[in-house]
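A.B. asks: the sequence and its predicted three-dimensional model are supplied below.
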Amino acid sequence: MIYTGGTIGMKQDEKTMALVPVDISQIEVEVPELKKFGYKIDTCSFDPVIDSSDITPDFWVKLCHIIKANYSRYDGFVVLHGTDTMSYTASALSFMLEDLSKPVVLTGSQLPVGMLRTDGKENIISSIEIAAARDAQGHPMVPEVCIYFESQLYRGNRTTKYNAENFRAFRSANYPVLADVGIHIKYNRHLVRYPQDWSKPLKIREKLDTNVAVLKIFPGITRQAVEAVMETKGCRAVVLETFGSGNAPTSDWFLSTMKKYVDRGMVIVNVTQCQAGKVDMGAYATGVGLRSIGVISGFDGTTEATLCKLFMLLGRYSSPEKIKKEMQKALRGEISCI
Ligand code: ASP
């Protein structure tokens, strides 16, 4: 169990009542139920622990190295993480950990583990159970980077944090849950990705290039605003958040601006601003225009996953054509294009 920070690992200081991090090596004081598993659960903590809003790609690289260095020693990994950027971290890890054959389950909570009514205890207990679960052949039930939260297990790169208040903080609108936790843990095994070759060693894709911008369009967006984003120094790719099924203004200035940057080698990926559904650039003239100038579809991918996939691909390849080709593939089950 790797503790990175966030609400889950907090408790109230008895004197000041301020929230302070718990000592993760003493997690069984807060969650004594863990002893009942009879599992050997080792813990390690980032130092200092951080609010997940402070997370950077260097942190993802560190996390990958911890997993890789301990890979053969454990059946699975549970990462305690703040909820605010958990979907980004889960997406990034899914692309950085290649040929993963063990569960990496991220979890957190809305209320600190050391508080009454916390959702953290159940989230930790179920995450541990899922990370340790094996099938009759002895293979892990869910050898993926997942998020467990409030009785549901999600493919991490399909999630978005959508609720800042409710215990059900995450949603995976375009992909069903990998497991439902009630009296029993019901795994939807037909939805889980399993390796073809379980013996392949884990590889880390740690070279990330974050020279990416996100441009959310809106009625009334000005040419200057669009240009300002596209002209960002060093920018190699843009995630274009469009309306509905991938639609954007058809005005000449907008399309010619997009074309100018595509022709300069910028990778522009079209994702929808909608919470669910997919981009279909053939459905309306407003989408066809974008497609005809070389903007590519992000299909039903989330902004978080699209960004992190670009980070990894830009770090790996220099050719925009190669990057576009890889973007069209489901590398870790992040899109349903095929
Ligand atoms: N700000 C916190 C974080 O993301 C919120 C949380 O943990 O839920 O680290």
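C.D. replies: Arrived safely, thanks for sending.
A.B. asks: so Asn123 is in which element?
C.D. replies: helix 120-132 (DSSP states H and E).
A.B. asks: right, and the helix or strand after that helix?
C.D. replies: Past helix 120-132, the next helix or strand by DSSP H and E is strand 145-149.
A.B. asks: centre of the chain versus that next one, how much separation?
C.D. replies: 9 Å (Cα atoms, centre = their mean, to the nearest Å).
A.B. asks: same question for stretch 181-201.
C.D. replies: On Cα atoms, centre = their mean, the centre of stretch 181-201 falls 18 Å from that of its chain.
A.B. asks: circling back to that earlier point, tell me if the helix holding Asn123 is near the ligand.
C.D. replies: No: judged by Cβ under 6 Å from any ligand atom, helix 120-132 stays clear of the ligand, getting no closer than 9.6 Å. (C-beta placed from N, C-alpha, C; glycine too.)
A.B. asks: is the closest residue to the ligand within the stretch 1-150 of the chain in a helix, a strand, or coil?
C.D. replies: Closest residue of the stretch 1-150 of the chain to the ligand, Cβ to the nearest ligand atom: Gly82 (1.9 Å). Per DSSP: H, G, I helix; E, B strand; the rest coil, the secondary structure class of Gly82 is coil.
A.B. asks: what do you get for Ile221?
C.D. replies: coil.
A.B. asks: pull the contacting residues for it.
C.D. replies: Under the criterion of Cβ atoms under 8 Å, 6 or more residues apart in numbering, the contact list for Ile221 reads Pro249.
A.B. asks: tell me the spacing between it and the ligand.
C.D. replies: 30 Å (Cβ to the nearest ligand atom, to the nearest Å).
A.B. asks: how about the residues of this protein by the ligand?
C.D. replies: Residues of the chain lying close to the ligand by Cβ under 6 Å from any ligand atom are 5-7, 51-53, 82-84, 108.
A.B. asks: of these, select the buried ones using a ChimeraX command.
C.D. replies: Those of the residues of the chain next to the ligand that count as buried under 16 or more other Cβ atoms under 10 Å are selected in ChimeraX with:
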select :5,6,7,52,82,83,84,108
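A.B. asks: possible to save the residues of the chain next to the ligand as TSV with distance to Ser256?
C.D. replies: TSV is the format used below for the residues of the chain next to the ligand (distance: Cβ to Cβ, whole Å):
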residue	distance to Ser256
Gly5	45
Gly6	44
Thr7	47
Asp51	42
Ser52	39
Ser53	37
Gly82	42
Thr83	41
Asp84	37
Gly108	44
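A.B. asks: if we can go back for a sec, check which helices and strands the helix holding Asn123 sits against.
C.D. replies: If you count contacts as 3 or more Cβ pairs under 8 Å, 6 or more residues apart in numbering; DSSP states H and E, helix 120-132 packs onto strand 77-80, strand 104-107, strand 145-149, strand 185-187.
A.B. asks: and the first one, which strands flank it?
C.D. replies: The pairing partners recorded for strand 77-80 under DSSP bridges are strand 2-3 (parallel), strand 104-107 (parallel).
A.B. asks: which ones are touching Arg236?
C.D. replies: Per Cβ under 8 Å, 6+ apart, neighbours of Arg236: 209, 211-212, 265-267, 314, 320.
A.B. asks: could you report the separation of it from the ligand?
C.D. replies: In terms of Cβ to the nearest ligand atom, Arg236 sits 28 Å off from the ligand.
A.B. asks: change the start of the numbering to 606 and stick with it
C.D. replies: OK, 606 is where the count begins now, so the last one is Arg841.
A.B. asks: which SS state does the residue nearest the centre of the chain fall under?
C.D. replies: Centrality entry for the chain: nearest residue to the mean C-alpha point is Ser696, 2.6 Å, by Cα atoms, centre = their mean. The three-state assignment at Ser696 reads helix, by three-state DSSP.
A.B. asks: surely Trp915 is in a helix?
C.D. replies: Trp isn't right for residue 915; it's Leu. Yes: counting by three-state DSSP, one finds Leu915 located in a helix.
A.B. asks: so it makes contact with Leu845?
C.D. replies: No: applying Cβ atoms under 8 Å, one finds Leu915 not in contact with Leu845, separated by 11.9 Å.
A.B. asks: now do the shared contacts for the two.
C.D. replies: Val874.
A.B. asks: distance to Ala881, mean pLDDT and mean neighbour count added to the helices and strands packed on helix 725-737, as a markdown table?
C.D. replies: A markdown table is the format used below for the helices and strands packed on helix 725-737 (distance: least, Cβ to Cβ, whole Å; pLDDT from 0 to 100; neighbours: other Cβ atoms under 10 Å):
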| stretch | distance to Ala881 | mean pLDDT | mean neighbour count |
| --- | --- | --- | --- |
| strand 682-685 | 26 | 98 | 25 |
| strand 709-712 | 22 | 98 | 28 |
| strand 750-754 | 17 | 98 | 29 |
| strand 790-792 | 23 | 98 | 15 |
